[in-house]
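Trainee: Need a 3D model of the sequence below.
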Amino acid sequence: MPNEFQHQIELINARLSRITQGENPAELYEPIQYTLSLGGKRMRPLLVLLGYSLFKENPEKILDQAISVEVFHNFTLMHDDIMDNAPLRRGKASVHEKWDSNIAILSGDVMLVKAYELLLGADSGNLKTIFKAFNQCAIGVCEGQQLDMNFESIASVTEQDYLHMIQMKTAVLLGYSLQLGAMLAEATDEEVESLYTFGCQVGIGFQLMDDLLDVYGNQEKFGKQVGGDIIANKKTYLLIKALELANEDQKHRLQHWLGTVSFNKMDKVEAVTAIYDEIGIRKLTEAKMDEYFKSGFDSLEALSISQKRKQPLIDFTKHLMNREN
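Mentor: Numbering: from 1, shown residues only. Presented below is the predicted three-dimensional model:
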């Protein structure tokens, strides 16, 4: 993380560590602090602060509202881990593994309530609008998660289906983070909409980047098992485009690996990656990423705000775009 954002990240982490909760029963409250202590990029609360800073000084005054987004995000991860039966979260045992699924459900519910409570503390005359936008975002995230689960049992998923799903599951929360910061700074409706669009567009770009890094990334730098999506037959942009563009031989080989139950993981990753290379999937994915990043920056450029105010948001976004692979 660039040094210019380190102070804000430290403020976010310090505030998250001080979130007041009940103590009894411990099984309900301990998983919340455990989850929030696992770390993460804190991208969403930082985007709230950056969105606010475009229009006003002293973003620290909206710190509680910024971390409300992080609390909500971690609530969704806690429930997602149950649905995905994921044993790990950021290298540590997921809550349902460390405790159990029922505890993870209840603790997650408390986190959602806490997110609302933190939002409610805003010193703003447009709380109704802020809560309406939050609810719309939260419903969108749930829709995206359901679509992602639906895709597991659907034989054919189109490119547009997939892009819509990642917009709802991932990108709308980035868009809302900037939207929230702007609303708290009392920006105009047009300015709020432009920032929301920027966040959503680059959010889709980031998810496409994650898809790409899962196949072509350096495992140590990426922080996840490279090839995990291939092993799991996950319908990513890369697989969807490969199935769409493959010739008869390539499609036959892809279907073989998609239908094989018992296999050597590295053999499968190498074989499917080779097919991607033959079709040129990497360049196609990079082009689609760049398309969404450009669209996002066009929305930001349209804002009638000084370049000096925009620069921190631009720098942070480009830092995320330039993650080492």
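
Trainee: what does stretch 106-126 rub up against?
Mentor: 19, 21, 28-29, 31-32, 35, 61-62, 64-65, 67-69, 71-72, 74-75, 78-79, 95, 99, 127, 130-131, 134, 183-184, 186 (CB atoms under 8 Å, 6 or more residues apart in numbering). C-beta here means a position set from N, CA and C on the backbone, and glycine is covered the same way.

Trainee: One more pass at 7 Å, please.
Mentor: 19, 28, 31-32, 62, 64-65, 67-68, 71-72, 74-75, 78-79, 95, 130-131, 134, 183-184 (CB atoms under 7 Å, 6 or more residues apart in numbering).

Trainee: go on, stretch 166-186?
Mentor: Here stretch 166-186 has contacts from 44, 47-52, 54-56, 62, 65, 69, 73, 122, 124, 126, 129-130, 133-134, 137, 140-141, 143-145, 147-148, 191-192, 195-196, 198-200, 202-204, 207, using CB under 7 Å, 6+ apart.

Trainee: tell me the mean pLDDT over that stretch?
Mentor: Per-region confidence: stretch 166-186 scores 97 on mean pLDDT.

Trainee: For it, buried residues please.
Mentor: 166-185 (16 or more other CB atoms under 10 Å).

Trainee: quick revisit: just the buried members of the contacts of stretch 166-186?
Mentor: Buried members of these, scored by 16+ other CB under 10 Å, are 44, 47-52, 54-56, 62, 65, 69, 73, 122, 124, 130, 133-134, 137, 140-141, 143-145, 147-148, 191-192, 195-196, 198-200, 202-204, 207.

Trainee: After the worst-scoring helix or strand of the chain on mean pLDDT, which helix or strand is next?
Mentor: For the chain, counting by mean pLDDT, DSSP states H and E, helix 219-222 ranks last in confidence among helices and strands (a mean of 56). Once the chain leaves helix 219-222, the next helix or strand it forms, by DSSP states H and E, is helix 228-231.

Trainee: any idea how far Thr260 lies from Ile275?
Mentor: 14 Å (CB to CB, to the nearest Å).

Trainee: Looking at the two, which has the bigger crowd around it?
Mentor: Ile275 (18 against 12; other CB atoms under 10 Å).

Trainee: residues contacting the more buried one?
Mentor: 242, 250, 253-254.

Trainee: Widest-spaced pair of the residues you listed?
Mentor: Ala242 and Arg253 (10.2 Å; CB to CB).

Trainee: The two: which is more packed in?
Mentor: A count of neighbours by other CB under 10 Å puts Ala242 above the other of Ala242 and Arg253, at 21 against 16.

Trainee: Do I have it right that the more buried one meets Glu278?
Mentor: No. Assessed by CB atoms under 7 Å, Ala242 is found out of contact with Glu278, at 9.2 Å.

Trainee: before we move on, back to that, in helices, which of the contacts of Ile275 fall?
Mentor: 242, 250, 253-254 (DSSP state H).

Trainee: Of all residues in this structure, which one is nearest the centre?
Mentor: Thr170 (4.2 Å; CA atoms, centre = their mean).

Trainee: What does that one show for phi and psi?
Mentor: Here is the backbone geometry of Thr170 (degrees, to the nearest 10): phi -120, psi -50.

Trainee: same deal with the one 4 residues further on?
Mentor: Reported as degrees, to the nearest 10, the phi and psi values for Leu174 are phi -70, psi -40.

Trainee: Over to Ser124?
Mentor: phi -150, psi 150.

Trainee: The chain should start at 460 in everything you say after this.
Mentor: In the new count, where the first residue is 460, that last one comes out as Ser583.

Trainee: circling back: out of the ones in helices among the contacts of Ile734, the closest to Phe775 would be?
Mentor: Ala701 (32.4 Å).

Trainee: Next one, pLDDT for the closest one please.
Mentor: Note for Ala701: predicted pLDDT of 98.

Trainee: per-residue pLDDT, Asn784?
Mentor: 47.

Trainee: again but with His711, I slipped
Mentor: 98.

Trainee: And it, how close does it get to Tyr735?
Mentor: Per CB to CB, His711 is found 15 Å from Tyr735.

Trainee: can you give me the strands in this protein?
Mentor: Counting by DSSP state E, the chain has strands at residues 547-548, 551-552.

Trainee: So which of these is the most surrounded?
Mentor: Mean neighbour count, computed with mean count of other CB atoms under 10 Å, is highest for strand 547-548 among the strands of the chain, reaching a mean of 16.
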